[in-house]
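J.: I'd like to go over a predicted model; first the sequence, then the structure.
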Amino acid sequence: MKKLDLAGLLMAALSVGCGGSTLSAFAEPTDSGTSGDVAVDAAPADTTPPSPGDLGAPCKADSECLSKLCLEVGRCSKACNGPGICPNSTNWTCLVLPLRGPMCECDLLSKTEIPCNGLDDNCDGKIDEGSPLCAGKCVDVTTDPNNCGACSIVCGGGTTCVGGKCLCPADKPTVCGTSCVDTNTDAANCGSCGKPCEAGSACAGGACKKASAVDVTILLDVTGSTQPSLDKALPFLKTNLATPLLAIPDVQVGVSYTCEFPISPYGTTGDQAFTGGIEPTTVEANVLAALTTFTKGSGGDAPDGMIEAFGVLSGTTPHPTSKPLTCSAGRVAGGCWRADSKKVIVLFTDDIFHNGPALMGTGLYEPYTTVTPAPVDWPAVLKAMLASKVTLLIMSSAGTTSATTTQHQKILTDLGQPLTDIYVAGTGSETASTAADAILARIKAIKAGG
């Protein structure tokens with residue numbers, strides 16, 4: 001706070017020329033005491049509107065104010081020289097101005113008062129006026145769920161207070177009893193309130209559908225070129241995909257790997273076009289371990305051996321250089337799926353595939369010529385995937401306009417799947433997180449019958 005020096009004030013006033021201002025001369029302080037710190041009012045806030053001419057009342061000229069002091073913000077002021085003069089709000093201060101003297105000055109924060117923030121936002125000299133006290137506490141009745149519109153009106157059942165009314169959120173727009181629900185997905189209120197689905201069924205699109213068991217195999221492309229983007233995506237494959245999938249009843253998750261045949265010029269010693277990891281399971285520790293520890297491959301050229309991996313997981317005979325899964329009793333060979341489950345392969349890759357569909361017309365893309373026995377090709381794998389009813393979801397870190405994407409689109413088209421089953425992971429963590437979230441939502445829809 002500034003020290004008030006009346007002699008200095010007088011000298012400041014006299015130093016302004018006659019033509020400098022037509023505003024009134026400074027008002028004398030109400031206390032003739034000497035200098036002292038000027039403090040704001042510590043008394044409880046007065047929430048009644050100001051009377052005409054009082055501190056904070058609207059004004060356009062000094063003559064409209066009892067104090068003969070009109071601020072630039074269009075509010076009446078008054079002289080100040082000690083504690084308890086200006087309103088107890090941090091945007092009110094006691095300032096010394098030439099030709100006006102010590103006066104209460106206000107910084108306009110808002111044209112209207114903001115409820116319950118302890119400030120005089122509109123400089124009318126009143127703090128939080130219009131905000132009622134409910135049980136002795138200032139509340140914003142436009143947003144307070146316990147005092148919505150008025151004191152003691154409580155928003156329940158998932159509603160929120162918006163504009164003083166209890167409303168349901170957009171994703172659960174219907175009130176059933178006292179709860180907000182989405183009748184498109186709520187199994188207890190499927191299609192309309194009070195219409196439950198049978199045990200073992202789920203609600204999808206407002207209709208009850210029998211929920212299915214789902215087996216998911218996360219297939220990692222472990223070629224050298226994919227490793228940088230895979231390293232960034234793995235944390236989200238764990239936290240945003242594998243872990244939440246395992247929290248869904250009757251969903252199991254497995255992990256396998258794909259790279260290339262260990263035959264020049266396609267791959268190098270140690271590479272395998274398919275390596276089985278773990279069959280679908282509910283044991284989270286095993287899934288996370290398989291996503292953490294695995295042998296990294298190399299590859300010898302741009303395209304890779306994922307067609308072999310799709311084939312093995314769908315039941316085709318593994319190539320002698322591949323390492324298939326060892327399945328538990330009662331499981332379907334290849335992907336070790338449960339017999340009654342919906343089967344999903346989630347591939348993370350940045351590559352285009354040897355023996356996959358050609359980018360234009362019919363035929364194969366860069367078919368293998370030096371691998372013996374001859375690897376399985378896309379027509380045979382397509383037949384196996386359709387027969388096994390395997391859904392392929394591709395989490396791709398390749399560019400969206402690349403030849404890789406073109407081939408992936410042809411694969412999905414052949415499978416009768418939408419092109420939206422390509423999920424762009426990019427090269428950064430943000431897109432990998434978004435892609436994993438989207439794949440999770442897609443698998444939930446598959447389980448619900450979508």
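T.: In hand now; what should we look at?
J.: Could you pull out the buried residues of stretch 149-162?
T.: Within stretch 149-162, the residues that count as buried by 16 or more other Cβ atoms under 10 Å are 153, 155, 159, 161. Backbone N, C-alpha and C define where each C-beta goes, glycine included.
J.: Then stretch 367-381?
T.: For stretch 367-381, the neighbour count (16+ other Cβ under 10 Å) marks 367-368, 371, 375-378, 380-381 as buried.
J.: quick one: pLDDT of the residue lying closest to T400 once chain neighbours are set aside?
T.: Once flanking residues are discounted, T400 sits nearest to V424: 5.9 Å by Cβ to Cβ, 6 or more residues apart in numbering. What the model reports for V424 is a pLDDT of 91.
J.: Same question for V40.
T.: The model's pLDDT for V40 equals 33.
J.: quick revisit: tell me how far the residue nearest to T400 lies from S397.
T.: V424 sits 8 Å away from S397, going by Cβ to Cβ, to the nearest Å.
J.: higher neighbour count, these two?
T.: The residue with more neighbours, out of V424 and S397, is S397; 25 against 17, by other Cβ atoms under 10 Å.
J.: returning to what we had before: can you add pLDDT and give the buried residues of stretch 367-381 back as TSV?
T.: Shown next, in TSV, are the buried residues of stretch 367-381 (pLDDT from 0 to 100):
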residue	pLDDT
P367	97
Y368	97
V371	96
P375	97
V376	97
D377	97
W378	98
A380	97
V381	98
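J.: Let me know the closest of these to D182.
T.: V381 (38.7 Å; Cβ to Cβ).
J.: That closest one sits in which helix or strand?
T.: Using DSSP states H and E, V381 sits in helix 378-388.
J.: next one: S433
T.: Element membership for S433, per DSSP H and E: helix 429-447.
J.: Surely I352 touches T404?
T.: Yes - between I352 and T404 there is a contact at 4.3 Å, judged by Cβ atoms under 8 Å.
J.: which residues do the two both contact?
T.: Listed as contacting both I352 and T404 by Cβ atoms under 8 Å, 6 or more residues apart in numbering are A398.
J.: okay, the closest residue to V251 other than its chain neighbours: pLDDT?
T.: Nearest non-adjacent residue to V251, counting by Cβ to Cβ, 6+ apart: V214, 4.8 Å away. V214 is assigned 95 on the pLDDT scale.
J.: Would you mark the buried spots in stretch 277-291?
T.: 277-281, 286-288, 290-291.
J.: Let's see it as CSV, backbone CA atoms only.
T.: What follows is stretch 277-291, C-alpha atoms only, in CSV (Å, rounded to 0.1, in the frame of the first residue of the first chain):
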residue,chain,number,x,y,z
GLY,A,277,4.3,-66.4,-27.6
ILE,A,278,1.4,-67.3,-25.3
GLU,A,279,-2.1,-68.5,-26.1
PRO,A,280,-5.1,-66.3,-25.1
THR,A,281,-5.3,-66.2,-21.3
THR,A,282,-6.8,-64.2,-18.4
VAL,A,283,-3.5,-64.0,-16.5
GLU,A,284,-2.4,-60.4,-16.8
ALA,A,285,1.1,-60.9,-15.6
ASN,A,286,1.8,-63.4,-18.4
VAL,A,287,0.4,-61.1,-21.1
LEU,A,288,2.4,-58.1,-19.9
ALA,A,289,5.5,-60.2,-19.7
ALA,A,290,5.0,-61.4,-23.3
LEU,A,291,4.7,-57.7,-24.3
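J.: average pLDDT for that stretch?
T.: Across stretch 277-291, the average pLDDT comes to 97.
J.: swap in stretch 101-108?
T.: Averaging pLDDT along stretch 101-108 gives 92.
J.: mind checking the end-to-end distance for stretch 312-328?
T.: Start-to-end span of stretch 312-328 (Cα to Cα, to the nearest Å) is 16 Å.
J.: Identify the residues contacting it?
T.: With contacts defined as Cβ under 8 Å, 6+ apart, stretch 312-328 is touched by 217, 219, 254, 256, 261-263, 272-279, 308, 332-336, 345, 371, 373, 375-376, 380-381, 384-385, 387-388, 390.
J.: Figure out how far stretch 152-161 is from the centre of its chain.
T.: Here the centre of stretch 152-161 is set off from its chain's centre by 24 Å, with Cα atoms, centre = their mean, to the nearest Å.
J.: Can you give me the first-to-last residue distance of that stretch?
T.: 13 Å.
J.: can you check stretch 394-413 too?
T.: Stretch 394-413 has an end-to-end distance of 13 Å (Cα to Cα).
J.: buried residues in it?
T.: If you call a residue buried by 16+ other Cβ under 10 Å, then stretch 394-413 has these buried ones: 394-398, 404-412.
J.: Tell me which two in those are the farthest apart.
T.: Across these (Cβ to Cβ), the longest gap, 18.9 Å, separates S397 and K410.
J.: what domains does the record give for this protein?
T.: 1-129, 132-167, 170-210, 214-447 (automatic domain parsing).
J.: Deepest-packed of these, please.
T.: Across the domains of the chain, the average number of neighbours (mean count of other Cβ atoms under 10 Å) peaks for domain 214-447, which reaches a mean of 19.
J.: how far out from the middle of the chain is that one?
T.: In this view, domain 214-447 has its centroid 27 Å away from the chain centroid, taken as Cα atoms, centre = their mean.
J.: circling back: want to throw the buried residues of stretch 367-381 into a markdown table with distance to P145?
T.: Supplementary listing: the buried residues of stretch 367-381 in a markdown table, determined by distance: Cβ to Cβ, whole Å:
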| residue | distance to P145 |
| --- | --- |
| P367 | 65 |
| Y368 | 65 |
| V371 | 66 |
| P375 | 62 |
| V376 | 60 |
| D377 | 61 |
| W378 | 57 |
| A380 | 60 |
| V381 | 55 |
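J.: ok, so of those, who is nearest A199?
T.: Proximity of the buried residues of stretch 367-381 to A199 (Cβ to Cβ) peaks at V381, which lies at 37.9 Å.
J.: Tell me the spacing between that closest one and D215.
T.: Look at V381 and D215: by Cβ to Cβ, they are 18 Å apart.
J.: Then Q227?
T.: 27 Å.
J.: May I have the residues that are in contact with the residue lying closest to G206 once chain neighbours are set aside?
T.: Excluding the flanking residues, the one nearest G206 by Cβ to Cβ, 6+ apart is G191, at 4.1 Å. Neighbouring residues of G191 by Cβ under 8 Å, 6+ apart: 183, 203, 206-207.
J.: so which two of the buried residues of stretch 149-162 are the farthest from each other?
T.: Farthest pair in those (Cβ to Cβ) is I153 and T159. Separation: 11.0 Å.
J.: what residues are shared contacts of these two?
T.: Common neighbours of I153 and T159, counting by Cβ under 8 Å, 6+ apart, are C166.
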